[in-house]
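K.L.:
3D model of this:
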Amino acid sequence: MPAVLRPAALLLTLTLPLTMLTGCDKARELYQSWSGGNEAKPVVQQTPAPGMLLADFTSLVEQEGPAVVNIAATRPESAGNPSPLPFPIPEDDPLFEFFKRFMPPGGGNQEPEESDSISYGSGFIVSPDGFVLTNAHVVQGAQQIQVKLTDKREVRAKLVGLDRRTDVALLKIDAASLPTVKIGDPNTLKVGEWVAAIGAPFGFDNTVTAGIVSAKGRSLPDDTFVPFIQTDVAINPGNSGGPLFNLKGQVVGINSQIYSRSGGFMGISFAIPIDIAMSVAEQLKANGRVSRGQLGVHIQELSQELARSFGLSTAAGALVVRVEPGSPAAKAGLQPGDIILNLDGRKVQSSTDLPMMVGQMKPGTTVKLGVWRKGKEVTLDATLAEMRNPGTEEAPQQKAPSQIPSTTFDKLGLTLSELSASQRKELGVQSGLLVDKVGGPAAKSGLMHGDIILGVNQSPVSNIEEFRKLIDAAGSNVALLVKRMDNTLYVPLRLGN
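P.N.:
Model (predicted):
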């Protein structure tokens, strides 16, 4: 069974009656404006006492645990086939037999009159007046949200707002005498440092687990705006939205996802840095939504081969493959083949860095882009627009090779033909060459039958002769700009000595 990324939320199906991007300093400033400015003091003994091998988290749990809450989000769901258990656990999982043995008589085999889906997660109180942080996937689409405090009080919560891009949600509860967590600085975390989580895995309230920081700045598929903190803290369904604490008893992250084959913990979990979450929470509190800057470029990772093709000694930066017409990038003069090296002086190490940097800036901000173009670095100014919600559109269908005469480049293993006017119109391109056959170096590089070659390095190609001249003038490596279905990417091609 392949491993997948899973949100760490617990989903139950129950029978109910019908009537039923700013930095850490800014994050701390936002927190103090809500909490009254209380500074965190170390609550964990970092130097083990004689005979103690591990850090002692008892003080942390006693002082910070009361601010951690359980969250139940109810969503309507049509009744389906009853399950032997009221929540999804694979039958080969050891927990399946455990819950099957100890669940109440009747289990999930009762025929439901009306079924509601309830997901369980965790959260934590960030202000005395009742603001609670959790994951967006815990409460998204919920008709009712119930928060359970450690003193057994249960209160209805109002959803202030949520942000799907960072998976952060802000709730508001009306209750007195609320404890709050202290906010820390995730940027000071070091790999190997002890951290702890408090949450409700599988519905077991106030469960404490501990581990170390395994890595920082992790990027995950479909999560381009969060540099995740990776830990080996045991996180399971129900932990979603709960806090990750450092040794000072400060929250440094929100536990969000796990990497798992079974749906349970396998030693890899991910947390959203708290400075990003607090910045999102402030916008949700003020406006109910999050506004982000947008540059308007499509980028890809820069491999060592591509870097050599563009004359760079190191594979650092974000390679531009497409510029949206009328976007800030287009107005600034960015072009396909440009490599963005830095933004306002901050280095762009990889393609995953750029969306995070831009997404944390406000629309209307003017930024300076350090760009590698045709063997030298240039500086461009761009004024960010507001990021719009992504729409859906049908991918254009790429047609089979035409009957236009083709030309074979034996050394490359490529057979190409020029596009007809009707093909260019159908594919939405102004020029390009159709790949009819691939083999040899071209096949090894990843070129595919049906690809459209739009350019060589930063030079567009519209006919076979232009392509031949650009290849003859190139060195040992070139980067081919390729349109493949609805994607545009650079493919490195080694030409030999």
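K.L.:
Which parts of this structure are helices?
P.N.:
Assigned by DSSP state H, the chain shows helices spanning 24-35, 58-64, 94-102, 136-139, 274-287, 304-309, 328-332, 353-359, 421-427, 440-445, 464-473.
K.L.:
Counting by contacts, list what the fifth one packs against.
P.N.:
The helices and strands touching helix 274-287, judged by 3 or more Cβ pairs under 8 Å, 6 or more residues apart in numbering; DSSP states H and E, are helix 24-35, strand 131-134, strand 154-163, strand 168-173, strand 250-260. All C-beta atoms are positioned from the backbone trio N, CA, C, and that covers glycine.
K.L.:
mind running it again at 10 Å?
P.N.:
Counting contacts by 3 or more Cβ pairs under 10 Å, 6 or more residues apart in numbering; DSSP states H and E, helix 274-287 packs against helix 24-35, strand 131-134, strand 154-163, strand 168-173, strand 182-183, strand 223-231, strand 250-260, strand 269-273.
K.L.:
Quick one: closest of those to residue 195.
P.N.:
strand 223-231 (5.7 Å; Cβ to Cβ).
K.L.:
elements contacting the closest one?
P.N.:
strand 194-199, strand 207-220, strand 250-260, strand 269-273, helix 274-287, helix 353-359.
K.L.:
mind checking how far it is from the chain centre?
P.N.:
In terms of Cα atoms, centre = their mean, to the nearest Å, the centre of strand 223-231 is found 6 Å from the chain centre.
K.L.:
Run through the chain and note the low-pLDDT ranges.
P.N.:
1-54, 77-115, 221-224, 260-265, 389-404, 496-497 (pLDDT under 70).
K.L.:
how is it carved up into domains?
P.N.:
Domains of the chain are assigned by automatic domain parsing as 1-79+114-286, 293-386, 406-494.
K.L.:
Next, count neighbours for residue 226.
P.N.:
Other residues near residue 226 come to 28 when the count uses other Cβ atoms under 10 Å.
K.L.:
How about the contacts made by it?
P.N.:
Counting by Cβ atoms under 10 Å, 6 or more residues apart in numbering, residue 226 touches 165-168, 217-220, 254, 256-257, 270-273, 276-277, 280, 352, 355-356, 359.
K.L.:
Going through the residues you listed, which ones are buried?
P.N.:
Those of these that meet the buried threshold are 165-168, 218-220, 254, 256-257, 270-273, 276-277, 280, 352, 355-356, 359, by 16 or more other Cβ atoms under 10 Å.
K.L.:
residues touching the residue sitting furthest away from the middle of the chain, list them.
P.N.:
Computed with Cα atoms, centre = their mean, the residue of the chain farthest from its C-alpha average is residue 405, at 45.4 Å. Each residue near residue 405 by Cβ under 10 Å, 6+ apart is listed here: 417, 418, 464.
K.L.:
Pipe those into JSON lines and attach neighbour count per row.
P.N.:
Output for the contacts of residue 405, formatted as JSON lines (neighbours: other Cβ atoms under 10 Å):
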{"residue": "417", "neighbour count": "19"}
{"residue": "418", "neighbour count": "21"}
{"residue": "464", "neighbour count": "16"}
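K.L.:
Skipping its backbone neighbours, what lies nearest residue 314 in space?
P.N.:
Closest residue to residue 314 apart from its sequence neighbours, by Cβ to Cβ, 6 or more residues apart in numbering: residue 307 at 6.5 Å.
K.L.:
Also residue 122?
P.N.:
Leaving aside its sequence neighbours, residue 122 sits nearest to residue 242 (Cβ to Cβ, 6+ apart; 3.3 Å).
K.L.:
List the residues that contact that neighbour.
P.N.:
By Cβ under 10 Å, 6+ apart, the contact set of residue 242 is 8, 68-71, 121-124, 133-135, 138, 197-201, 207, 209, 235, 251, 253-256, 271.
K.L.:
Check residue 343 too.
P.N.:
Going by Cβ under 10 Å, 6+ apart, the list of residues near residue 343 reads 295, 318, 353, 354, 357, 358, 361, 367, 368, 369, 370, 382.
K.L.:
ok, of these, which come out buried?
P.N.:
Among the contacts of residue 343, those scoring as buried are 295, 318, 353, 354, 357, 358, 361, 367, 369, 370, 382 (criterion: 16+ other Cβ under 10 Å).
K.L.:
and which of these is nearest residue 481?
P.N.:
Among these, residue 318 lies closest to residue 481 (Cβ to Cβ), at 15.2 Å.
K.L.:
For that closest one, give the beta-bridge partners.
P.N.:
Per DSSP bridges, the residues bridged to residue 318 are residue 301, residue 340.
K.L.:
got a list of what it touches?
P.N.:
For residue 318, the contact set (Cβ under 10 Å, 6+ apart) comprises 295, 297, 299-302, 338-341, 343, 348-355, 357, 371.
K.L.:
Recalculate using a threshold of 8 Å.
P.N.:
Residues in contact with residue 318 (Cβ atoms under 8 Å, 6 or more residues apart in numbering) are 299, 300, 302, 339, 340, 348, 350, 351, 353, 354.
K.L.:
And residue 460, by the same measure?
P.N.:
In this structure, residue 460 makes contact with 430, 431, 454, judged by Cβ under 8 Å, 6+ apart.
K.L.:
count of residues packed around the second one?
P.N.:
Other residues lying near residue 431 total 16 when counted by other Cβ under 10 Å.
K.L.:
heads up, I number from 35, so please use that
P.N.:
Got it, first residue is 35 now, which makes that one residue 465.
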